[in-house]
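Enquirer: attaching a predicted model along with its sequence, questions to come.
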Amino acid sequence: MSRIETIYPSDRVSLREVGLRDGLQLVKKFPSTEAKQRWVREEYAAGVRHFEVGSFLPAKTFPQFVDVRDVIGAVASLPGAHGIALALNERGVNEALESGVGEIASVVSATEEHSQANAHRSRESAIANVRRLCEMRDASSHKPLVNAAISMALGCSITGAVDPAEVLRLVDKCLEAGVDFVAIADTVGYAGPKQVAELSRAAVKLAGQKPICIHLHDTRGMGIANAAAALDEGVRILDGSLGGLGGCPFAPGATGNVVFEDLVFLCESKGFATGIDLEKLVSVRRILRDEMPNETLYGGVARAGLPCGTAAYATDLLMPVPVLPRLRRLAFARRNHHHAPIAHAAFGDDVVGEMPDLVGRAAQCRHLHAIVVVEMDVQRRQREVVVAVEFLHQALREIAGGVVVDIDEAGDAGAGLRRVL
């Protein structure tokens, strides 16, 4: 079996979490090295296996990637985990090869204008750079995978529409240069499902036995629909970022990548097993909130949870106000009588209501500490209530410096959640 087949099996979907690289390009504050390593470890525990870890770019210009080798080391320490790093020139490639990273990514712009703005070189020069990268890979000891991403492939923020035939020409050039696979990037989120489907179908056919990756941004809300279209046309490698972080400094108007959590949900709903535990994955968002409190996080799964009847305890902590050192009350509410989502909320004031109303009022509560939404099967009520309380207990311990929640021996949801110190 070839190395590409081992890392990206053709008979299943591979999801690459690009938050540590693409997700951090535009942030004003970025996580510490230790937080990045926890980010990797906790996503790995959730089932994620492919991580874009950073870029080999000048530290003065991109200080968020100065610790890329440490993040590569964190990925390498985890059995079966695969790291990807971006290198845009020969110096970066040499550093990437020395780091031992499992995959090196390069970029070729779909338009000449973007190529000059992004890398100050022509597209033909970018192709030559890819060819040189492949030669250096072949001469190296560990021979990492090499991928080339065609940026602005579905629309350019500088020139507008992009000819699909020109994109396919560049895909073919990159394959001829020796890359292991090509990624099609909708860098600024211009495309809709029809465009994505047509280009994906043509690229998959052109690539033959080599895989095609799709890299999508959610600028106009089309990210998940476009991912579904790519899956339908045979694309089996997809990129997304935790919480929808991301953007391109050379692409005016670009917003974050497609939300990784929602991408997992999409794949599972279409019958593609990902091996990723969504409950655990969503919980990793707390690292982003702690380390980058001013960054907006997106995602339907994190906001609404999984559909009723699905095992999910999920969730986001909402902390828009100063935290009090102690809690006064624990309120809970039930929305439906069967397979009912339960909200356990800790407030400075009593708040009880139907689920939509509870969330709305919670957002305005002056002493809001947390809200935890739990999908609950009535027949498994006791266990799931306990899980919810344990999650709340842990979260509030971090927030309030120590909170105790007593569980009623009978497991009753009302009596059991009776005491918060």
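Expert: Arrived safely, thanks for sending. Residues are numbered from 1 along each chain as shown.
Enquirer: and the residue nearest to V48 when sequence neighbours are not counted, what's its pLDDT?
Expert: Leaving aside its sequence neighbours, V48 sits nearest to E17 (Cβ to Cβ, 6 or more residues apart in numbering; 5.3 Å). No exception for glycine: its C-beta is placed from N, CA and C like everyone else's. Per-residue confidence (pLDDT) for E17: 98.
Enquirer: neighbours of E17, just the number please.
Expert: The tally of other residues near E17 (other Cβ atoms under 10 Å) stands at 32.
Enquirer: try L26
Expert: Other residues near L26 come to 16 when the count uses other Cβ under 10 Å.
Enquirer: test my guess that S10 contacts K210.
Expert: No. Contact criterion Cβ atoms under 8 Å: S10 and K210 do not qualify, at 9.6 Å.
Enquirer: these two: which is more packed in?
Expert: For the pair S10 and K210, the greater number of neighbours falls to K210 (18 against 13), based on other Cβ under 10 Å.
Enquirer: the more buried one: what secondary structure?
Expert: Following DSSP: H, G, I helix; E, B strand; the rest coil, K210 is assigned to coil.
Enquirer: so what's the residue lying closest to it once chain neighbours are set aside bridging to?
Expert: Counting by Cβ to Cβ, 6+ apart, K210 lies nearest to F181, which is 5.1 Å off, once chain neighbours are set aside. The residues listed as beta-bridge partners of F181 by DSSP bridges are N147.
Enquirer: so L288: helix, strand or coil?
Expert: Judged by three-state DSSP, the three-state class of L288 is helix.
Enquirer: so how far is N294 from it?
Expert: 11 Å (Cβ to Cβ, to the nearest Å).
Enquirer: same deal with L242?
Expert: Distance, L242 to N294, by Cβ to Cβ: 16 Å.
Enquirer: follow-up on the earlier one: my read is that the residue nearest to V48 contacts E43, right?
Expert: Yes. Taking Cβ under 8 Å as the definition, E17 is a contact partner of E43 at 6.0 Å.
Enquirer: common neighbours of these two, please.
Expert: Each of 51, 242 lies in contact with both E17 and E43 under the rule Cβ atoms under 8 Å, 6 or more residues apart in numbering.
Enquirer: nearest the middle, which residue of this structure would you pick?
Expert: Of all residues in the chain, the one closest to the mean position by Cα atoms, centre = their mean is S241, 2.2 Å from it.
Enquirer: can you list the domains in this structure?
Expert: For the chain, the domain assignment from automatic domain parsing gives the residue ranges 3-293, 310-416.
Enquirer: hey, which of those is tucked in deepest?
Expert: For the domains of the chain, the stretch with the most neighbours on average is domain 3-293, a mean of 20; neighbours defined as mean count of other Cβ atoms under 10 Å.
Enquirer: just the CA trace of stretch 58-72, in PDB.
Expert: Backbone C-alpha positions of stretch 58-72 (Å, rounded to 0.1, in the frame of the first residue of the first chain) are rendered in PDB as follows:
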ATOM      1  CA  PRO A  58       9.200  34.600   8.700                       C
ATOM      2  CA  ALA A  59       8.600  34.800  12.400                       C
ATOM      3  CA  LYS A  60       8.700  38.600  12.300                       C
ATOM      4  CA  THR A  61       5.700  38.700  10.000                       C
ATOM      5  CA  PHE A  62       3.900  35.600  11.300                       C
ATOM      6  CA  PRO A  63       4.700  35.300  15.000                       C
ATOM      7  CA  GLN A  64       1.800  32.900  15.500                       C
ATOM      8  CA  PHE A  65       3.800  30.200  13.700                       C
ATOM      9  CA  VAL A  66       7.200  30.600  15.500                       C
ATOM     10  CA  ASP A  67       6.500  27.500  17.500                       C
ATOM     11  CA  VAL A  68       5.500  25.300  14.500                       C
ATOM     12  CA  ARG A  69       8.100  22.700  15.300                       C
ATOM     13  CA  ASP A  70       6.700  22.300  18.800                       C
ATOM     14  CA  VAL A  71       3.200  21.700  17.400                       C
ATOM     15  CA  ILE A  72       4.700  19.200  14.800                       C
END
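Enquirer: now it, how far from the centre of its chain.
Expert: The chain centroid and the centroid of stretch 58-72 are separated by 19 Å, computed with Cα atoms, centre = their mean, to the nearest Å.
Enquirer: residues in contact with it?
Expert: Residues lying outside stretch 58-72 but in contact with it, judged by Cβ under 8 Å, 6+ apart, are 20-21, 24-25, 27, 30, 33, 36-37, 40, 51, 53-57, 83, 85, 99-101.
Enquirer: please flag which of the residues you listed sit within helices.
Expert: 33, 36-37, 40, 99 (DSSP state H).
Enquirer: tabulate those (a markdown table), appending distance to S283.
Expert: Putting those into a markdown table (distance: Cβ to Cβ, whole Å) gives the following:
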| residue | distance to S283 |
| --- | --- |
| T33 | 21 |
| K36 | 17 |
| Q37 | 17 |
| V40 | 14 |
| S99 | 29 |
